[in-house]
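In: Take this sequence and fold it.
(chains A and B)
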Amino acid sequence: MNEMNEVRKPPVATTGIIGWLRINLFFNWTNSLITLFVIYCLYQFIPWILDWTIFSADFKYNYLGEQITNQEMCSRNLDPENGGACWAVIYVRFYQFIYGFYPKVEVWRVNVAYAMLALALLPLLYAKLPYRKYFLYFTYIFPVIAYFLLNGGLGFTEVSTNKWGGLLVTLVLGCTGIALAFPIGIMLALGRRSKLPVISMICTLFIEFIRGVPLITLLFFGMVMLPLFLPEGIDMDGLVRVLVAVTLFQSAYMAEVIRGGLQAIPPGQYEAAKSLGMSYWRMNLLIILPQAIRISIPPIVNTSIGLFKDTTLVIIVGILDLLGIGRGTLADTNWLGLSYEIYFFVSLVFFIFTFGMSRYSLYLEKKLKTGINMGAD
Amino acid sequence: MRSNLGFFSDEKFRSIFFQTLVVGLFALGLFFVISTTSYNLEKRNIATGWSFLQNPAGFDISFSPFLEFKSTDTHLKVYFVGVLNTLLVSVTGCIAATILGFILGIVRLSSNWLLSRLVYIYVEFSRNVPLLLQIILWYSILIQLPRVKQSLQFLDVFYISNRGLYSPRPIFESGFSYVSIAIVLALISSFLINRWSKKRQDKTGQQFPVFSSSIGLIFIVPLILFFILGSPMSFEHPEMKGFNFKGGLVIRPEFIAMFLALSIYTAAFISEIVRAGIMSVSKGQREASAAIGLKQTWIMRLIIIPQALRVIVPPLTSQYLNLTKNSSLGIAVGYADLVHGFGGISLNQTGQAIECMAIVMATYLSISLTISFFMNIYNRSIQFKEK
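Out: Model prediction:
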């Protein structure tokens, strides 16, 4: 009977900060040891990286207070003990990173195009936008406006594409590649699922061929072989040739993603559409594709992220995108040896874009999971 | 009800009509391309044909670990060196990425919040930065290592400098072939033991210590034989001669940069695949196996991983394909793979753009198809079997 009177200890806390720490960091001995080890490593690493990137770094002026114009004036080159990153190179070359060699007088056109791009993307990203329909009209005509704005014509002076560079080229390649690949990808996906054997075979061969070879070979193809295939007098611009290769590449991947969406459509949808007497195109355009594309948006965004990263490959065929400008800057004797700063900056820009896109695709995935009920929709 | 279009509304006719149209257009396009190309080639005085493959290359390849390459060798040999280099970095990269990816995928699901966050940060950074940038970054780190004279030394036999990693090269003497035969025999017999023990376990429920017996067969038996034969293997150590090391095994910074970047980049994707695969196994499976008293490690090995593999293998295959195709980025750091050696330098020297690109593309296609083929066989072997 004595035992009844013994006071039992309350169970260990599982809520609150202490409880959270106990469960997630100090659950048992090994767990606690791992936690302590990780904290120790972070303690060693984080102050060092913060010091290098921020506290000891030069942004515009070195520690003597002079404005930095070449690498010899960076604090860490003046005094190796004292000084971290030399971000002045980004500051000095910022124009090139964002616009390439676009003439300074005309640069407002690029800025307008950047702003319009944001406006054009808005209705695509945000479905609940008020007056979305009118914004979408703008999105459709945006490529035409952007072409004349950036390239010239219609009263604008012409700026040849070899003056384009940096983020401008990266965005042009990425956006155009994705936008053009989308309709081609839909056609290829429909073609691959077509009942007509010849069409299905041609589409399958095309898709599998493109997916089987690296993008770099397609870029070489665009650069070296395309001029041989075209009749004399048609001289394609370097950027256009690269765009052809990038678009072909992306459309094959897009086609496979959309095919996945098409396969997820229950056969009842096809049967219902056919029983209403719809033709093949009406059925696909009005019934099948809207549903298929809706479920394949997250993977479409994912392949688009892939393409956006792959646009860096164009530096191998001599087009100066963001990374190309970075490498060009490194080759300049004024900025030799600042590779970490430049690669850090370029990585950060890419990271912001791609991480944003991947978060967006996650958000869509979550929304789709809760939002639709296949078949009964 | 027929419309006034008559036979055009007949489905069969329409199908044949459209397909003929497509074939016709396709043939017309092909004819146009071929005729303009041959005209263009003639104008530029480029002779088509494969004879250029037999011409001497006239350039050196710095990294050719399998074939001896001299500048007098033919372009055909450049091709083989390129294929071997592509395969080398792809295979080693796939193996490293798989191991790293599995470890990271499992760690990401660890109950330790800090550890799992850390892996998450790694995955996001490495997935969202272009691979080409990572390759160039690794390369720029490697070539900023100390010069040869001040090489960093490890264990007295490894030297790391901006020219790469120098390690002793094993030299096999005559008796070593017996050891390698023993290893092969041990591999075969442990495979057979594994099959036999599985069959026996299915029949009688008795287990056989497959793992320890295989270890014994594969490692200990050849090792004993090795010492009985009087250690028929010696090492050639790299030695400093003049400005560089002579002898030994050299691993160039181009290869190391490619290997690191490819495996670290792909491991991030694989770890996400592994995580999704493990999470796809229902919780009940883990609870049930804990309820029958299996150890934690056994639950993972016998219950979770085999079921997760069914989800993991198809996307893993496409990661292997991606890695192999991505190995073509070696051109950015001068790694003499298929694209850089044959598709780059040979193409520029001979001017045979069409032939070179066709060969390069065909090679990548066949490598891709081979990987898909074997992974499909593996995938079939791990899918649910109806008994």
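
In: that's a strand at A:Tyr340, yeah?
Out: No - secondary structure of A:Tyr340 (DSSP: H, G, I helix; E, B strand; the rest coil): helix, not part of a strand.

In: what's the burial count for it?
Out: Around A:Tyr340 there are 17 other residues, counting by other C-beta atoms under 10 Å in any protein chain shown. Quick note: C-beta positions are derived from backbone N, CA and C, even for glycine.

In: count of neighbours near the residue nearest to it when sequence neighbours are not counted?
Out: Leaving aside its chain neighbours, A:Tyr340 sits nearest to A:Ala85 (7.0 Å; criterion: C-beta to C-beta, 6 or more residues apart in numbering or on different chains). Per other C-beta under 10 Å, the neighbour tally for A:Ala85 reads 24.

In: Confirm for me that A:Ala85 is in contact with A:Tyr343.
Out: No - contact criterion C-beta atoms under 8 Å: A:Ala85 and A:Tyr343 do not qualify, at 11.3 Å.

In: joint contacts of the two?
Out: Counting by C-beta atoms under 8 Å, 6 or more residues apart in numbering or on different chains, A:Ala85 and A:Tyr343 have no common neighbour.

In: that older thread, how much space separates the residue nearest to A:Tyr340 from chain B?
Out: For A:Ala85, the distance to chain B (C-beta to the nearest C-beta, to the nearest Å) stands at 14 Å.

In: which SS class is B:Ser62?
Out: coil.

In: what do you get for the one 10 residues further on?
Out: Secondary structure assignment for B:Thr72 (three-state DSSP): coil.

In: so who does the residue nearest to A:Tyr340 touch?
Out: A:Trp52, A:Thr53, A:Ser56, A:Ala57, A:Asp58, A:Arg76, A:Tyr340, A:Glu341, A:Phe344.

In: And B:Ile171, by the same measure?
Out: B:Met233, B:Ser234, B:Phe235, B:Glu236.

In: I'd like the residues you listed as a markdown table, with secondary structure, neighbour count and distance to chain A appended.
Out: A markdown table is the format used below for those (DSSP: H, G, I helix; E, B strand; the rest coil; neighbours: other C-beta atoms under 10 Å in any protein chain shown; distance: C-beta to the nearest C-beta, whole Å):
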| residue | secondary structure | neighbour count | distance to chain A |
| --- | --- | --- | --- |
| B:Met233 | strand | 13 | 39 |
| B:Ser234 | strand | 12 | 40 |
| B:Phe235 | strand | 14 | 35 |
| B:Glu236 | strand | 13 | 35 |
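
In: what are the ranges of the strands in the stretch 151-300 of chain B?
Out: B:152-154, B:158-161, B:164-167, B:169-172, B:233-236, B:239-241, B:244-246, B:249-251 (DSSP state E, counting those that start in this stretch).

In: mind listing what A:Gly356 touches?
Out: Counted by C-beta under 8 Å, 6+ apart, A:Gly356 has zero contacts.

In: Quickly find the element holding it.
Out: If you go by DSSP states H and E, A:Gly356 is part of helix A:339-371.

In: next one: A:Ile34
Out: Going by DSSP H and E, A:Ile34 is in helix A:29-50.

In: so, in contact with chain B or not, that helix?
Out: Yes - shown here: helix A:29-50 in contact with chain B (C-beta under 8 Å from any C-beta of the partner chain) through A:Asn31, A:Ile34, A:Thr35, A:Val38, A:Ile39.

In: For residue 215, report the pLDDT, please.
Out: Because you didn't say which chain, this covers chain A. Listed pLDDT for A:Leu215 reads 92.

In: let's do chain B instead
Out: Here the pLDDT value assigned to B:Ile215 is 83.

In: Chain A versus that one, what's the distance?
Out: Noted for B:Ile215: a distance of 26 Å to chain A, by C-beta to the nearest C-beta.

In: if we can go back for a sec, could I get the buried residue list for the helix holding A:Gly356?
Out: Neighbour-count burial for helix A:339-371, counted by 16 or more other C-beta atoms under 10 Å in any protein chain shown, picks out A:339-347, A:349-351, A:353-355, A:357-358, A:361, A:364-365.

In: rewinding a little: got TSV for the contacts of B:Ile171, with pLDDT too?
Out: Converted to TSV, the contacts of B:Ile171 look like this (pLDDT from 0 to 100):
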residue	pLDDT
B:Met233	72
B:Ser234	73
B:Phe235	74
B:Glu236	73
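
In: What subset of the residues of helix A:29-50 next to chain B is buried?
Out: The neighbour-count test (16+ other C-beta under 10 Å) marks A:Asn31, A:Ile34, A:Thr35, A:Val38 as buried among those.

In: And the nearest residue to the second one once chain neighbours are set aside, how far from A:Phe37?
Out: Counting by C-beta to C-beta, 6+ apart, the nearest residue to A:Ile34 once its immediate chain neighbours are dropped is B:Asn112, at 5.4 Å. Applying C-beta to C-beta, to the nearest Å, the value for B:Asn112 to A:Phe37 is 10 Å.

In: Comparing these two, which residue is more hemmed in?
Out: Between B:Asn112 and A:Phe37, B:Asn112 has the larger neighbour count (other C-beta under 10 Å), namely 19 against 12.

In: ok, that one to B:Tyr39 distance?
Out: 68 Å.

In: Phi, psi for the residue nearest to A:Ile34 please.
Out: The phi/psi pair for B:Asn112 (degrees, to the nearest 10) reads phi -80, psi 110.

In: pLDDT wise, what is it at?
Out: If you check B:Asn112, the pLDDT there is 84.

In: cool, B:Arg2 as well?
Out: Confidence score, pLDDT, at B:Arg2: 47.
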